[in-house]
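1. Need a 3D model of the following:
(2 chains, ligands or ions: 3)
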Amino acid sequence: MTTSIPKPRIHHPSLERNSIGLTRRDYEGSMSTLCAGCGHDSVTAAIIRAFWELSIPPHRVAKLSGIGCSSKTPTYFLREAHGFNSVHGRMPSIATGAGAANRDLIMIGISGDGDSLSIGLGQFCHAMRRGVRMLYVLENNGVYGLTKGQFSASADVGTKAKRGEVNRNEPIDPVLLALSLGATFVARSFSGDREQLVPILKAGLAHRGFAFIDVISPCVTFNDHEGSTKSYRFTRDHMREVIAADFTDGAVRDGGLDGAGNGHAIHADPGDETPAESPDLVPIRTEITAAYAPGSVHEIRMHDGSTVRLRKIDENFESTDRDAVYAYVRERQRAGEIPTGLLYMEPEALDMHAMEGTVARPLVDLAFESLCPGAGKLDALMEEFR
Amino acid sequence: MIADHTQTATTPHDTRSIAAALRVNDFAFRIATVNGTGSASANGLLMQAIFRMGIPVSGKNVFPSNIQGLPTWYEIRVNHRGHVARTPNFDLVVAMNNATYGRDLMELAPGAYVLFDSSWPMPDAVHRPDLRFLGVPLARLCADAFSGGRARLLLKNIAYVGALAALLEIPLDIIDTLLAEQFSSKKKLLDSNFAAVRIGYDYAQAHFECPLPIRLAAMPASDDRVLIDGNTAAALGCVYAGATVGAWYPITPATSLMDAFRMFCARYRVDPESGQNLFHIVQAEDELSAAGIVIGASWAGARSFTPTSGPGISLMSEFIGLAYYAEVPAVFFDVQRTGPSTGMPTRTQQGDLMLTAYASHGDTKHVVLYPADPGECFTMAVAAFDLAERFQTPVFVLSDLDIAMNDWLCPRFRWNDTWRPDRGSVLTAEQLEGMTQYFRYLDDDGDHIAARTLPGVHPRGAYFTRGSGHTRLGTYTEDADDYVEVMERLAAKIDSAADAVPQPVMYSGAAVQVPVVHSALGSIQATARQDARGPGEASDAGRSRVRVGLVSIGSCDAAVREAVDRMSERGLPVDYMRIRGFPFNDRVEAFLLEHEIVFVIEQNRDAQLRSLLLLETQATKDRLRSIRDYGGVPLSADVVIRGVLLGVADATEPHDTATVELRSAV
Ligand SMILES: Cc1ncc(C[n+]2csc(CCOP(=O)(O)OP(=O)(O)O)c2C)c(N)n1
Ligand code: SF4
Ligand SMILES: [Mg+2]
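-> Ligands and ions are numbered 1, 2, ... in the order given. All right, here's what the predicted structure looks like:
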């Protein structure tokens, strides 16, 4: 048995190419071995789309995960990126270390509700507090898929398991948790709404800090029945987009997001040569917001030059005030709704490196000579121990 | 786990009498105080002064797991020959703690000195007319001379340093110089410290016959030695090895390693132009996270480490298995403390030998380095990063509280500027560019090590790191043959590290010429298999000679060396091997097989080193005897000698003259 079936890489000449000359195919991974219809596969597809649209060179990405069906998905996208399927609930610490070592890595972490909210709750919280610069996607299905459908910590009170038992424990809501822990980018979306999800993923990748997206991603095998509050149907019926995000890429180029690209980028693809500024290059943008009634627009310029336009759909929603967002989400959830969208963002947030004052150059690129004080200094130091 | 013929050597009270004979640079004393009363700097001052006199000295801080109020002792031993392992035999006690006064006195041998604060009458609980009492009204003198409760309390400690200076003959100018260095920018403090030293000094000169017969005399100073603790040394090793990412969760006795790393980084690792850090330290939320951070950073290509202690290693075990199986370098400093569980957090032990050798579930085995002193903490820290990257695997540096937190006399650390780190087999972008395909776990040159790649370097280097079953090509598998193939290579890889870890250190004595019944081996077998053979059977055998070997590890070294010296001086030479790395190399096994009786000396209850030797070498149970001392205080030579003598006597004729001599050697 294997869960990694390589996909043939056939490039159809008519496939659309992004600004570095890659097609969507170039952002795929091996064939998914998840159950047909699993929400996680839709999230994978959205991730592929987001990376492709941002023209991120796949090898500059590190895709990290814990353990679970959701955590398997990094194999299914960006085959030219290093992947790390770590241990259950501990991906945030791997990301913290990898990010500390090489701040130029574009990190995406994939986790599940079991992975992040029970066994890995501590690591999830602390990576957020620390401002690890990464896009963190929690594929939330209310159950432990891989161990066959036990309730997870995100299961709602009253939700029914496939075999009938009813959950009585209060859920841990990752969005409320993230807001209360000072997260600087908090979103909720649905695997079945790619139009909403893709721009949020892109905005998350442009965020300089910990970008958290809770994606309701139904488990068709264990939690998609009548009585479940994480089923496709229930989610569709109860989700309400309160704020729409529209993402326009700005300075995203072959050097990667924010154009740093310090030394690490080696460009094997001929398409890479195309400068982002090339006049004939048509920026790829997804027109996703037409379906929603227009409200007031708030435009946020990201550090890499891209723009996120937030359009309020519910005029009562105050997206710039953390406490107000918290109160709003809580209130709407009590009323039985699932508010979605890019709920809160602090574009000027300090990430881990800014807080720690680490050099701009990735630590992995520093020459040994600049790290080792040398014999002379040791000799001088030894005098202090005499 | 203990075989029935092993024995535990305990430390019964030594009742030798201390005559008032002159003993220069060869005695031990102990200062009993209350934790949190500021005695640490006074005790450090004493150590430093003796060190500046050129006299070999050691200081052991026996402290409680408490911030304030519980008893604490500081033990200083001087020995002109360099034997500065801990000794339980004190010639003088500075009894500053009423709560332990009785016990402190009880533990002294007849004739020993008691320096006490005579400001108030001392508790009369113990009747020891055989001791020599030296009362100094420290509190009263300091109350008269200084104002402020806190200052008085602190300066009282400095005053006993002054009294000891007079009693033991420490030149005041050395103490003055040290104080001047310490308080160079605080004139007022300096003056009061000077004054406090004089108060104690003058009082002692006026009231006692100074110096005492136990006294100090300056020895030719050597530039070659430094006084340093193991955690500081290990941190320095990390800086010199080029480590850039450190992650940790505070735990005694490992905390000061990261404190020192931070301090050195602030000094040596700040970019002069930008003022930014060329390092990244993360105080993790727990040890699981610390391990993950180290693994993540190493995976991304940084040299990364975490200092912790046994409880932390327990928590890290799952991750350690991942690093082993996915072949990610990682350096773990395990500064051992007394276990199991929380145990005695401020007491030393060597209880993690087994844990670190095989940490994590499934078949795992790790490279472990065993420093014996701060000097080796420095060199082995550097070596650990090279080994971790070369073998792409977790490496443990197994220190302990005694090495880590006490100041040791060590040869001055040196550095060779031509040294460059061994980063192991890591493919560059250029190399990958020239390849058609790359497979992470393919060992193409038969050294059991496959080239790795770092994220962000080249699309062709991409692979999926996982702790789940994988083939040599790096793909997921649940196939038996594919799985076994990788596991076999891993076993061979770790075994091959045996030749790369530091070789054991041999300290040789000549063969011990001890007549035994048949042979020691036969005799021991007779003991061990009494039921099978019946008693007395061995005594029919003839006489032969036996070679005795001692095997030890880590911080036991000082005590074992002293024991070897003392035994050989009395005509009982033994061979001694100190193991410095795991997996054991051939020389370790050869030593075991060359000696008929081998005593394995270690600081844990279950004879873990002995068990490891039995598991990993051809040595048999009957050959390896055990001497253990694990109560939390550093090993002393007396324990070793007693253990060896009991063991050898066990294997020899009871009335043999050599045995009698052996016994009197303690
Ligand atoms: C230490 C440890 N305990 C338990 C498991 C078993 N386990 C694997 S995945 C999983 C739950 C995954 O749930 P979730 O993160 O929600 O992912 P999903 O499968 O639902 O996507 C569990 C309990 C494990 N791998 N490791
Ligand atoms: S069990 Fe559920 S979560 Fe796992 S793959 Fe199947 S549908 Fe997806
Ligand atoms: Mg789940």
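2. For the rest of this, base every contact and every neighbour count on C-alpha atoms.
-> OK.
3. Enumerate every residue touching the residue lying closest to residue B:358 once chain neighbours are set aside.
-> Of all residues not flanking residue B:358 in the chain, residue B:365 sits nearest, at 4.5 Å (C-alpha to C-alpha, 6 or more residues apart in numbering or on different chains). Residue B:365 is in contact with B:357, B:358, B:359, B:491, B:494, counting by C-alpha atoms under 8 Å, 6 or more residues apart in numbering or on different chains.
4. Assign a three-state SS to the residue located most distally from the centre of chain B, would you?
-> Distance from the centre of chain B peaks at residue B:436, with 49.7 Å (C-alpha atoms, centre = their mean). Assigned with DSSP: H, G, I helix; E, B strand; the rest coil, residue B:436 falls in the coil class.
5. Strands of the stretch 551-666 of chain B, residue ranges please.
-> B:575-579, B:581-582, B:597-602, B:624-628 (DSSP state E, counting those that start in this stretch).
6. ok, the nearest residue to residue B:213 once chain neighbours are set aside to chain A distance?
-> Computed as C-alpha to C-alpha, 6+ apart, the closest residue to residue B:213 that is not its neighbour in sequence is residue B:22, at 4.4 Å. To chain A, residue B:22 is 29 Å away according to C-alpha to the nearest C-alpha, to the nearest Å.
7. What count of nearby residues applies to residue B:22?
-> Other residues near residue B:22 come to 11 when the count uses other C-alpha atoms under 10 Å in any protein chain shown.
8. Wait, it touches residue B:216, no?
-> No. Here residue B:22 does not reach residue B:216: they are 10.5 Å apart, not a contact under C-alpha atoms under 8 Å.
9. Quick check: residue A:320 touching residue A:345?
-> Yes. Taking contacts as C-alpha under 8 Å, residue A:320 lies within contact range of residue A:345: 7.2 Å.
10. Could you check which of those two is surrounded by more residues?
-> Higher neighbour count among residue A:320 and residue A:345: residue A:345, with 22 against 13, using other C-alpha under 10 Å.
11. Tell me the secondary structure at residue A:45.
-> Quick answer, by three-state DSSP: residue A:45 is helix.
12. how much space between it and residue A:86?
-> To residue A:86, residue A:45 is 22 Å away according to C-alpha to C-alpha, to the nearest Å.
13. what about these two, which has more around it?
-> A side-by-side neighbour count of residue A:45 and residue A:86, using other C-alpha under 10 Å, places residue A:86 first with 27 against 18.
14. ok so, going back, tell me the most packed of the contacts of residue B:365, by neighbour count.
-> That'd be residue B:359 among the contacts of residue B:365, by other C-alpha under 10 Å, with 24 neighbours.
15. so what's it closest to, chain neighbours aside?
-> residue B:317 (5.8 Å).
16. Count the neighbours of that neighbour for me.
-> Neighbours around residue B:317, by other C-alpha under 10 Å: 20.
17. Look up phi and psi at it.
-> When quoted as degrees, to the nearest 10, the phi and psi of residue B:317 stand at phi -60, psi -40.
18. Likewise for residue B:344?
-> The phi/psi pair for residue B:344 (degrees, to the nearest 10) is phi -120, psi 100.
19. show me the residues around it that make contact.
-> Contacts of residue B:344 by C-alpha under 8 Å, 6+ apart are B:65, B:337, B:338, B:632.
20. again, 7 Å this time
-> B:337, B:338 (C-alpha atoms under 7 Å, 6 or more residues apart in numbering or on different chains).
21. And for residue A:196?
-> residue A:189.
22. How is it classified with respect to secondary structure?
-> Taking three-state DSSP, the label given to residue A:196 is helix.
23. Could you report the pLDDT at it?
-> Residue A:196 carries a pLDDT value of 96.
24. What helix or strand is residue A:373 located in?
-> Of the helices and strands defined by DSSP states H and E, none includes residue A:373.
25. Correction: the previous question concerned residue A:311.
-> strand A:307-312.
26. immediately after that strand, which helix or strand?
-> helix A:322-334.
27. what's next to that following helix, contact-wise?
-> In contact with helix A:322-334 (C-alpha under 7 Å, 6+ apart) are residues A:176, A:179, A:318, A:319, A:338, A:339, A:343, A:344.
28. Give the other helices and strands that the helix or strand residue B:163 falls within contacts.
-> Taking DSSP H and E as the criterion, residue B:163 maps to helix B:149-168. Counting contacts by 3 or more C-alpha pairs under 7 Å, 6 or more residues apart in numbering or on different chains; DSSP states H and E, helix B:149-168 packs against helix B:39-52, helix B:138-145, helix B:187-207.
29. What residues of that helix count as buried?
-> B:151-168 (16 or more other C-alpha atoms under 10 Å in any protein chain shown).
30. all strands of the stretch 1-150 of chain A, in order?
-> Under DSSP E, counting those that start in this stretch, the stretch 1-150 of chain A gives strands at A:61-65, A:82-85, A:106-112, A:134-140, A:143-144, A:150-151.
31. any chance of these in JSON lines, plus mean neighbour count?
-> Formatted as JSON lines, the strands of the stretch 1-150 of chain A follow (neighbours: other C-alpha atoms under 10 Å in any protein chain shown):
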{"stretch": "strand A:61-65", "mean neighbour count": "28"}
{"stretch": "strand A:82-85", "mean neighbour count": "27"}
{"stretch": "strand A:106-112", "mean neighbour count": "27"}
{"stretch": "strand A:134-140", "mean neighbour count": "28"}
{"stretch": "strand A:143-144", "mean neighbour count": "24"}
{"stretch": "strand A:150-151", "mean neighbour count": "20"}
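32. Turn the ones you listed into a markdown table, columns for mean pLDDT.
-> Output for the strands of the stretch 1-150 of chain A, formatted as a markdown table (pLDDT from 0 to 100):
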| stretch | mean pLDDT |
| --- | --- |
| strand A:61-65 | 98 |
| strand A:82-85 | 98 |
| strand A:106-112 | 98 |
| strand A:134-140 | 98 |
| strand A:143-144 | 98 |
| strand A:150-151 | 97 |
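33. OK, now which residue of the stretch 251-386 of chain A is nearest to ligand 2?
-> residue A:338 (20.3 Å; C-alpha to the nearest ligand atom).
34. tell me the phi and psi of that residue?
-> Torsion angles, degrees, to the nearest 10, at residue A:338: phi -120, psi 90.
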